[in-house]
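Visitor: the following block contains a protein sequence and its predicted model.
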Amino acid sequence: GAVVSQHPSWVICKSGTSVKIECRSLDFQATTMFWYRQFPKQSLMLMATSNEGSKATYEQGVEKDKFLINHASLTLSTLTVTSAHPEDSSFYICSARDGLSYEQYFGPGTRLTVT
Amino acid sequence: AQSVSQHNHHVILSEAASLELGCNYSYGGTVNLFWYVQYPGQHLQLLLKYFSGDPLVKGIKGFEAEFIKSKFSFNLRKPSVQWSDTAEYFCAVTGGYQKVTFGTGTKLQVIP
C-alpha cells in the first residue's frame, strides 16, 4: 500500500529556533499534501493544504509566517516552524493525497517539544 | 463550513460484544465520509469510506458503516469486537473543497 513518511519522528528544540519537518510520499505522487496538528486527547486540526508548485492555503487562525510550508515536488512537502515557542509543542501529522486515486494517506507524525 | 461530531469519547466493551460508534456531520452539499483508525503507537489508517452508491459500506477487519442522509449520520459498526480492535476511531468528512474535517475521536477499549 501507499506509504507516507515523516522526518524526524521526534524533535526537541530550544525556544526561538526553527524546526523543519519533512513529509514524503514514498511510492506515489501526491498532488496535494495536508498538514495537521493534534493536541493531546483532541482531534486532528487541519493547518494548511499545499499543492505542488503553488502556495499553501492556510486555515483560519494559522499564522503563515510562523508555519512555512513548501511543496517543491510531487513527493515532498516541508513544514518549518519558525521561532518556535513552548506553545508550539504538539504532534504534527501530514497526509498526502494520491493524484490518481484521490485516496489520502497519513504519515506517522512528528512529536515537537519546544523547551 | 463542515463539521463532524462523535458522541462517544470512550467506549469499553468485552470481547465478542457488538460495537456501534456514532458520527454525525454538518454540511450542505455532497459529502464523502470516512472512518479512520489509529492503533496504539501507530498512525492513522483508513477503515472505510463512502463516496456514493450503496449507503452500507463494508471496510477492513469486519467493520461496516451506514450512511443515512436524512440523519446526517455515518455510524460505524462491528458485530463482534476483538481485543485487537482496541484503538482510537475517527470519523471524517470532506465537502466541496476536499479538505478533511475530523471528529474528536472515540477511544475503544476491548477487554479480553
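Guide: Here it is on my side, so go on. Residues are numbered from 1 along each chain as shown, chains lettered A, B, ... in the order given.
Visitor: can you name the residues that contact the residue nearest the centre of chain A?
Guide: Nearest to the geometric centre of chain A sits residue A:35, at 3.8 Å (CA atoms, centre = their mean). Residues in contact with residue A:35 (CB atoms under 8 Å, 6 or more residues apart in numbering or on different chains) are A:23, A:46-48, A:50, A:67, A:69, A:77, A:79, A:92-94. All C-beta spots, glycine's among them, are computed from the backbone N, C-alpha and C.
Visitor: can you do 6 Å?
Guide: By CB atoms under 6 Å, 6 or more residues apart in numbering or on different chains, the contact set of residue A:35 is A:47-48, A:79, A:94.
Visitor: then residue A:31?
Guide: A:52, A:99.
Visitor: coming back round to it: how about the residue nearest to the centre of chain A: what's its closest non-neighbour residue?
Guide: Spatial nearest neighbour of residue A:35, excluding adjacent residues (CB to CB, 6 or more residues apart in numbering or on different chains): residue A:47 at 4.6 Å.
Visitor: the one you found contacts residue A:33, doesn't it?
Guide: No. Applying CB atoms under 6 Å as the test, residue A:47 and residue A:33 come out as separate, 11.2 Å apart.
Visitor: following the chain onward from the lowest-mean-pLDDT helix or strand in chain A, which element is next?
Guide: Here the helix or strand of chain A ranked lowest by mean pLDDT, DSSP states H and E is strand A:104-106, holding a mean of 85. Note on strand A:104-106: by DSSP states H and E, the next helix or strand toward the C-terminus is strand A:110-114.
Visitor: just checking, what packs against that next one?
Guide: Here strand A:110-114 is seen to pack against strand A:10-13 when contacts are counted using 3 or more CB pairs under 6 Å, 6 or more residues apart in numbering or on different chains; DSSP states H and E.
Visitor: repeat that for 7 Å
Guide: Applying 3 or more CB pairs under 7 Å, 6 or more residues apart in numbering or on different chains; DSSP states H and E, one finds that strand A:110-114 makes contact with strand A:10-13, strand A:90-98.
Visitor: give the partner strands of it in its sheet and their orientations.
Guide: Sheet partners assigned to strand A:110-114 using DSSP bridges are listed as strand A:10-13 (parallel), strand A:90-98 (antiparallel).
Visitor: list the buried ones in it?
Guide: For strand A:110-114, burial by neighbour count (16 or more other CB atoms under 10 Å in any protein chain shown) applies to A:110, A:112, A:114.
Visitor: what does that strand rub up against?
Guide: For strand A:110-114, contacts defined as CB atoms under 7 Å, 6 or more residues apart in numbering or on different chains pick out A:6, A:8-13, A:15, A:19, A:21, A:81, A:84-86, A:88-92.
Visitor: and it, how far out from the chain middle?
Guide: 12 Å (CA atoms, centre = their mean, to the nearest Å).
Visitor: now swap in stretch B:74-93 and tell me
Guide: 6 Å.
Visitor: what is the end-to-end distance of it?
Guide: Length of stretch B:74-93, first residue to last, CA to CA, to the nearest Å: 10 Å.
Visitor: rewinding a little: could you dump the helices and strands packed on strand A:110-114 to CSV with mean neighbour count and distance to residue A:54?
Guide: Shown next, in CSV, are these (neighbours: other CB atoms under 10 Å in any protein chain shown; distance: least, CB to CB, whole Å):
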stretch, mean neighbour count, distance to residue A:54
strand A:10-13, 14, 27
strand A:90-98, 23, 14
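Visitor: switch those strands over to a markdown table; also include mean pLDDT.
Guide: A markdown table is the format used below for these (pLDDT from 0 to 100):
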| stretch | mean pLDDT |
| --- | --- |
| strand A:10-13 | 95 |
| strand A:90-98 | 91 |
